[in-house]
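[1] below is the sequence, then the predicted model.
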Amino acid sequence: MKPLSAEEKKVIVDKGTELPFAGKYTDHFETGTYHCRQCGEPLYRAQDKFHSGCGWPAFDDEIRGAVKKLTDADGRRVEITCAKCGGHLGHVFAGEGFTQKNLRHCVNSISLHFVAAQSAEGSSSRQSTQNDASPETELSQKSKEERAIFAGGCFWGVEYFFQNLKGVISTMPGYTGGRTVDPSYREVCTGMTGHLEAVEIIYDSNLVSYEDLVRLFFEIHDPAQRNGQGPDIGEQYLSAIFYFDEEQRQIAERLVAKLREKGINAATRIEPAAEFYPAEEYHRRYYDKTGKVPYCHRRVKRFE
């Protein structure tokens, strides 16, 4: 956790509200990501920010699983907090008609820290200063966010190995590749929805490459197992990579070919990314919450 000033503590910890039009992000529309001031977790993307005229930053969507919604102490409004650290952000309102999503996350600027997106102009300056950057400066450096989705058995274990990898910004267990809309865990476990348990990864491609992620994916599960993963048998536990562009597809296929050259007959499906549905709250960072360790995932070196 980062140390907070008295003013920040008044809002983030004591659930106060900064004065309208006083926050630095109210009229801020640079491309990038808004993170939790207290723990650094990414919360909102700039493309979801809009001008509402209310006096505080407004967003009509959040990064999946990053924000928790609770009934406010007044019993009427819905409070929003950082899902990771519980820091107070503000309130969420529905039905106001500002955007097509019809939602307004009204957030205190003081609860946020902005990280600008990577640009060609900024890349050289970052390189010249990164060696002597302080932790606070490092958080401010520009990132290039991209997405990856992997399915390799129980999503608890897959998330466990990716969540603390350098360059990974956030991880989210969920369901993808199926036929029904917004399935529950219970429904997916019946095998009737066609979904796989998967993990969506938001990563900074300046710090970790997609190929590095795929290599790790192939080393933390058995890609040759065709009916599940370890003792978990069923369609929802199959191995798959869901790609977002042609480059990701080519990298995945190239590494599958390398495995086959080594005598590992990978059964991993390589498919275009489909709708991804975040899993229920209790599945997120499951091993952190329980103190246990993965029972069917372990890292085995398969590449040079």
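    Done, it's in. Numbers count the residues shown, from 1 in each chain.
[2] for residue 105, phi and psi?
    The phi and psi torsions at residue 105 (degrees, to the nearest 10) take the values phi -80, psi 110.
[3] for it, give its distance to residue 47.
    Distance, residue 105 to residue 47, by CB to CB, to the nearest Å: 14 Å. Every C-beta, even on glycine, is put in place using the N, C-alpha and C of the backbone.
[4] so the two - more neighbours on which side?
    Per other CB atoms under 10 Å, whichever of residue 105 and residue 47 has more neighbours is residue 105, with 24 against 13.
[5] mind listing what the nearest residue to residue 215 once chain neighbours are set aside touches?
    Nearest residue to residue 215, sequence neighbours excluded (CB to CB, 6 or more residues apart in numbering): residue 303, at 5.4 Å. By CB atoms under 8 Å, 6 or more residues apart in numbering, the contact list for residue 303 reads 215, 218, 219, 255, 258.
[6] which members of these are the farthest-apart pair?
    219 and 258 (12.1 Å; CB to CB).
[7] circling back to that earlier point, which ones among the contacts of residue 303 lie within helices?
    Judged by DSSP state H, helices contain the following of these: 215, 218, 219, 255, 258.
[8] redo those as TSV? Include pLDDT and neighbour count.
    Shown next, in TSV, are the ones in helices among the contacts of residue 303 (pLDDT from 0 to 100; neighbours: other CB atoms under 10 Å):
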residue	pLDDT	neighbour count
215	97	18
218	97	25
219	97	16
255	97	22
258	96	16
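[9] isn't residue 299 right up against residue 219?
    Yes. Residue 299 lies in contact with residue 219 (CB atoms under 8 Å); the separation is 5.2 Å.
[10] quick one: residue 294 is in a helix?
    No. Assigned with DSSP: H, G, I helix; E, B strand; the rest coil, residue 294 falls outside any helix and is coil.
[11] can you offset everything so residue one is 44?
    Got it, the first residue is 44 from now on, which makes the last one we talked about residue 337.
[12] okay, it: pLDDT?
    pLDDT, residue 337: 91.
[13] do the same with residue 243
    93.
[14] tell me the contacts of it?
    Taking CB under 8 Å, 6+ apart, one finds 107, 190, 191, 192, 214, 215, 217, 219, 319, 321 in contact with residue 243.
[15] given the host helix or strand of it, what are its sheet partners and their directions?
    Using DSSP states H and E, residue 243 maps to strand 239-247. Strand 239-247 pairs in its sheet with strand 188-195 (antiparallel), strand 211-219 (antiparallel), by DSSP bridges.
[16] tell me which of those lies nearest to residue 292.
    Nearest of the strands paired with strand 239-247 (CB to CB): strand 188-195, 11.9 Å.
[17] for that closest one, buried residues please.
    188, 189, 190, 191, 192, 193, 194, 195 (16 or more other CB atoms under 10 Å).
[18] neighbours around residue 313, how many?
    17.
[19] ignore what I typed, I meant residue 324.
    10.
[20] residues in contact with it?
    Residue 324 sits in contact with 108, 111, 126, where contact means CB under 8 Å, 6+ apart.
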